[in-house]
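Novice: Sharing a model prediction with you, sequence too.
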Amino acid sequence: MNLLPDERFSITAPLRHPAFRALAAGRALMYFGNGVATVALAFAVLDVTGSLIHLGLVVGTRSLANVALLLFGGVLADRFPRDLILRGGCALAALSQGTLAASVLLGFASLPVMIALSLVNGAAAAANLPAAAALTPQTVPSSLLRPANALVRIGVHIGMFVGMSAAAGLAGVLGSGWALAVNALVFALAALSFLLLRLPPGAGRAAGRTDVLRDLRDGWGEVASRPWVWIVVLQFMVINATWSGTVAVLGPAVADASFGRATWGLVVATNSIGMLLGGVLAARWQPRRALCFGVALAALDAVPMAVLGTGTGIPFLLASMFVAGVAMEQFGVAWEVAMQQNIPPDRLSRVYSYDGLGSFIAMPLGEVAVGPIAAVAGPGSTLVGMAVLTVLATGGALASSSVRQLKRL
């Protein structure tokens with residue numbers, strides 16, 4: 001790889017590097033699979049059990065496994081070749097989703113089977129997340145980090161958009177089982193794509209071997225010494241809990257009771273389109289205080305929750321999901337660049353694992369608890385309450401000077 005620090009670039013410049021192309025393709029395929037799973041798993045559980053509470057248990061179990069193993073995944077990704085970890089994680093995801101598809105299609109699906117396979121899929125995601133997130137700086141020069149992160153995220157959101165749209169169509173026409181079968185195939189293709197990823201030996205890996213607890217303490221030290229990291233992580237503990245409760249649980253339930261599954265797939269895909277266009281914008285321009293700008297825009301996630309909760313109408317829901325997607329991508333690219341420019345490469349996966357743990361730790365609680373809460377308070381009131389929490393969490397993060405003053409290099 002010939003990485004020139006003064007390379008002149010356009011938005012597509014990172015694609016000149018073969019390692020980056022393999023990484024971007026593999027991650028896009030991974031998220032195509034995740035997009036299919038987001039829609040297909042929810043409808044599969046509803047088809048098999050017909051229970052909103054069971055749906056929350058299944059999707060919450062996957063998130064719980066992800067949270068429980070994320071820190072270990074970060075240690076592995078700083079110790080061993082990250083490309084190898086991605087191949088194994090995608091192969092495991094293909095196996096779990098293929099078995100789940102077979103259980104639905106052959107009629108032996110049950111709540112225990114779905115929970116067990118969700119645990120396996122969550123474990124695969126825990127290995128993939130910190131390895132994939134830390135790989136971008138190993139595939140492009142530092143001058144290309146902003147467009148490279150934007151392009152990776154654009155590919156991710158294209159994958160999510162196509163995956164959600166395909167899953168909605170398959171679930172509506174052929175059934176959720178066939179959608180899950182496609183999910184397994186795409187994860188297998190992602191594993192094959194990562195076979196093309198070639199990195200310099202030892203790139204981005206810790207120089208010495210210590211015990212796991214020491215590795216975890218070193219990673220935590222990097223987080224604790226930077227207030228802007230843990231403050232934003234706390235903000236997204238709230239935002240991810242409310243968003244996942246909306247998209248994974250209450251949204252499908254409201255859709256089944258009113259405007260239909262296909263329309264819900266379009267609504268969620270519209271959010272991905274917003275993220276796609278937001279990524280193009282972020283690749284071309286971001287302010288010097290990009291992190292503060294992105295953190296503030298995260299409050300717009302509250303708007304589609306409020307619209308869905310108040311039943312304002314499908315046009316308003318589509319528009320608000322689109323705007324929230326554009327806004328969230330400004331945060332996403334700013335966050336990736338801030339992490340990659342300020343965290344040592346040999347500890348980056350561990351910091352990403354703490355980021356993932358802190359951001360996602362509330363997701364199982366949100367996904368499992370939102371069903372019973374909605375059963376008592378009603379889906380509408382629950383969604384409006386989650387919108388209020390999103391705005392309050394954003395205001396708290398913006399109160400920190402370390403968030404407001406951090407500048408990109």
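Specialist: Looks like it came in fine. Numbering: from 1, shown residues only.
Novice: When you work out contacts or count neighbours from here on, use the C-alpha atoms and nothing else.
Specialist: Noted.
Novice: quick one: buried residues of stretch 246-259?
Specialist: Residues T246, V247, A248, V249, L250, G251, P252, A253, V254, A255, D256 are the ones in stretch 246-259 that count as buried (16 or more other Cα atoms under 10 Å).
Novice: Tabulate those residues (CSV), appending secondary structure and pLDDT.
Specialist: Listed next are these as CSV, based on DSSP: H, G, I helix; E, B strand; the rest coil; pLDDT from 0 to 100:
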residue, secondary structure, pLDDT
T246, helix, 86
V247, helix, 84
A248, helix, 79
V249, helix, 83
L250, helix, 85
G251, helix, 83
P252, helix, 83
A253, helix, 80
V254, helix, 82
A255, helix, 80
D256, helix, 77
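Novice: which among these gets closest to G279?
Specialist: Using Cα to Cα, V247 comes nearest to G279 of these, at 21.0 Å.
Novice: Spit out the contact partners of that closest one.
Specialist: Contacts for V247 were tallied using Cα atoms under 8 Å, 6 or more residues apart in numbering; they are V268.
Novice: Kindly report the same for V337.
Specialist: For V337, the contacting residues are L145, R146, N149, R408, by Cα under 8 Å, 6+ apart.
Novice: Select from the residues you listed the one having the most neighbours.
Specialist: With neighbours taken as other Cα atoms under 10 Å, the top of the contacts of V337 is N149, carrying 26 neighbours.
Novice: Surely it touches E336?
Specialist: Yes. The criterion here is Cα atoms under 8 Å, and N149 meets it with E336 at 6.9 Å.
Novice: Longest helix in this protein, please.
Specialist: Ranked by number of residues, the top helix in the chain under DSSP state H is helix 18-49.
Novice: Which is the succeeding secondary structure element to that helix?
Specialist: Following helix 18-49 in sequence order, the next helix or strand is helix 52-79 (DSSP states H and E).
Novice: That next one relative to helix 18-49, how many degrees between them?
Specialist: Orientation check (axes from the mean of the first three to the mean of the last three Cα atoms, to 10 degrees): helix 52-79 against helix 18-49 gives 160 degrees.
Novice: mean confidence for helix 52-79?
Specialist: For helix 52-79, mean pLDDT is 80.
Novice: quick one: low-confidence ranges for the stretch 151-300 of the chain?
Specialist: 200-210 (pLDDT under 70).
Novice: again with the stretch 301-409 of the chain
Specialist: Ranges of the stretch 301-409 of the chain meeting pLDDT under 70: 409.
Novice: ok, now with 80
Specialist: The stretch 301-409 of the chain contains residues with pLDDT under 80 at 358-365, 367-368, 408-409.
Novice: show me where it has helices.
Specialist: With helices called from DSSP state H, counting those that start in this stretch, the stretch 301-409 of the chain shows them at 302-310, 314-342, 348-360, 363-377, 379-398, 401-405.
Novice: and of these, who's closest to V120?
Specialist: Closest approach to V120 among these is made by helix 363-377 (15.3 Å; Cα to Cα).
Novice: picking up where we left off before, and which of the buried residues of stretch 246-259 is nearest V186?
Specialist: The nearest one, if we look at the buried residues of stretch 246-259 relative to V186 and count by Cα to Cα, is A248, at 20.6 Å.
Novice: Which residues are in contact with M30?
Specialist: With contacts defined as Cα under 8 Å, 6+ apart, the neighbours of M30 are C90, V156, G159, V186, F187, A190.
Novice: Out of these, which sit inside helices?
Specialist: Using DSSP H, the contacts of M30 in helices are C90, V156, G159, V186, F187, A190.
Novice: could I get the residues you listed as JSON lines with distance to G356 and neighbour count?
Specialist: Converted to JSON lines, the ones in helices among the contacts of M30 look like this (distance: Cα to Cα, whole Å; neighbours: other Cα atoms under 10 Å):
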{"residue": "C90", "distance to G356": "18", "neighbour count": "29"}
{"residue": "V156", "distance to G356": "17", "neighbour count": "25"}
{"residue": "G159", "distance to G356": "21", "neighbour count": "24"}
{"residue": "V186", "distance to G356": "23", "neighbour count": "25"}
{"residue": "F187", "distance to G356": "21", "neighbour count": "29"}
{"residue": "A190", "distance to G356": "21", "neighbour count": "27"}
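Novice: any chance of these in a markdown table, plus distance to Q330?
Specialist: What follows is these, written out as a markdown table (distance: Cα to Cα, whole Å):
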| residue | distance to Q330 |
| --- | --- |
| C90 | 28 |
| V156 | 15 |
| G159 | 19 |
| V186 | 28 |
| F187 | 27 |
| A190 | 26 |
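Novice: pretty sure L69 contacts A123?
Specialist: Yes. Under the criterion of Cα under 8 Å, L69 lies in contact with A123, with a separation of 6.5 Å.
Novice: which of those two has more neighbours?
Specialist: More crowded of L69 and A123, by other Cα under 10 Å: A123, with 24 against 18.
Novice: I'd say the more buried one and L71 touch.
Specialist: No. Using Cα under 8 Å, A123 is not in contact with L71, being 11.3 Å away.
Novice: residues shared between the contacts of those two?
Specialist: Between them, A123 and L71 share no contacting residue, judged by Cα under 8 Å, 6+ apart.
Novice: that older thread, what's the closest of the ones in helices among the contacts of M30 to P344?
Specialist: Proximity of the ones in helices among the contacts of M30 to P344 was ranked by Cα to Cα; the top entry is V156 with 24.9 Å.
Novice: I231 reaches L398, doesn't it?
Specialist: No. The criterion here is Cα under 8 Å, and I231 misses it with L398 at 9.2 Å.
Novice: Of those two, give the one with the bigger neighbour count.
Specialist: I231 (21 against 18).
Novice: Now that one. Nearest residue, chain neighbours left out?
Specialist: For I231, ignoring the flanking residues on the chain, the nearest one in space by Cα to Cα, 6 or more residues apart in numbering is A397 at 6.1 Å.
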